[in-house]
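Novice: sequence? don't have it. structure:
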């Protein structure tokens, strides 16, 4: 069990570019979550999957954001036409059920 | 709508002190409450999870309590050490959703 992994760990991009982040959950965890955390704030929920089904999306997830979890394994979060306000830490978590969520190290995004 | 508040926002104590971090939530119909630790620029590490049917959980020098009727949870850290310096976040999960609602955290510094 290597824990939740995220790639890349850091991303710097220019406004208007598209970026994609990857999350690999703990094996056999059927639930996968994405959160966003800005400086000095607690994480805010974006979306979550049970297996390959996306069951809930926050209104924070605008049309520029899309998440997928093909085959119920890893997940990707894509942001199109990035804006400076998208700069944040993007955290992924997984859980085997309705209990403890285990978080990855996060991807820090900076939009210039 | 569940809202989670943490006080104090920051705390600085000398090594060896016992301390209490506070977490308040507005919706008493919670499923569980989880305490996390976050080191600067890192992901979240789960410390303790308290189910709604429980009153407290203990792990080493940490003890977390839950009082649903008053909408409060506390994290007690005994004999604090400089290695305890971090931000501590609490997060509530309600029955009708799988997402965590986080507080803004308490930034703890323990000095030698």
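Specialist: Thanks, I have the structure now. Quick caveat, the model's predicted, so the values are computed rather than measured. Numbers count the residues shown, from 1 in each chain, chains lettered A, B, ... in the order given.
Novice: From here on, just use CA atoms for contacts and neighbour counts.
Specialist: Fine.
Novice: any idea of the mean pLDDT for the helix or strand hosting residue A:77?
Specialist: Using DSSP states H and E, residue A:77 maps to strand A:75-79. In this model, strand A:75-79 has a mean pLDDT of 97.
Novice: any idea of the mean pLDDT in the very next helix or strand once past it?
Specialist: Sequence order places strand A:88-95 as the next helix or strand after strand A:75-79, per DSSP H and E. Strand A:88-95 comes out with an average pLDDT of 96.
Novice: Now do the closest residue in space to residue B:32 that isn't next to it in sequence, the pLDDT please.
Specialist: Spatially, and ignoring its direct neighbours in sequence, residue B:32 is nearest to residue B:51 (4.3 Å; CA to CA, 6 or more residues apart in numbering or on different chains). Model confidence at residue B:51, given as pLDDT, is 92.
Novice: close enough to count as contact, residue B:51 and residue B:31?
Specialist: Yes: contact status for residue B:51 versus residue B:31: in contact at 6.4 Å, counting by CA atoms under 8 Å.
Novice: Look up which residues are beta-bridged to residue 7.
Specialist: Going with chain A. Assessed by DSSP bridges, residue A:7 has beta-bridge partners residue A:22.
Novice: Chain B was what I was after
Specialist: Counting by DSSP bridges, residue B:7 forms beta bridges with residue B:22.
Novice: Which residues are in contact with it?
Specialist: B:21, B:22, B:23, B:105, B:106 (CA atoms under 8 Å, 6 or more residues apart in numbering or on different chains).
Novice: now swap in residue B:52 and tell me
Specialist: B:30, B:31, B:32, B:33, B:66, B:68.
Novice: For burial, what's the neighbour tally of the residue lying closest to residue B:81 once chain neighbours are set aside?
Specialist: Spatial nearest neighbour of residue B:81, chain neighbours left out: residue B:15 (5.2 Å); criterion: CA to CA, 6+ apart. Neighbour count of residue B:15, defined by other CA atoms under 10 Å in any protein chain shown: 16.
Novice: my guess is residue B:15 meets residue B:111, correct?
Specialist: Yes: between residue B:15 and residue B:111 there is a contact at 5.6 Å, judged by CA under 8 Å.
Novice: can you give me the strands in chain A?
Specialist: Assigned by DSSP state E, chain A shows strands spanning A:5-7, A:10-13, A:19-24, A:31-37, A:44-50, A:53-57, A:65-68, A:75-79, A:88-95, A:102-103, A:107-111.
Novice: Tabulate the ones you listed (TSV), appending mean neighbour count and distance to residue B:95.
Specialist: Listed next are the strands of chain A as TSV, based on neighbours: other CA atoms under 10 Å in any protein chain shown; distance: least, CA to CA, whole Å:
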stretch	mean neighbour count	distance to residue B:95
strand A:5-7	21	28
strand A:10-13	14	35
strand A:19-24	20	26
strand A:31-37	24	16
strand A:44-50	22	16
strand A:53-57	15	14
strand A:65-68	18	24
strand A:75-79	19	25
strand A:88-95	26	16
strand A:102-103	24	19
strand A:107-111	20	29
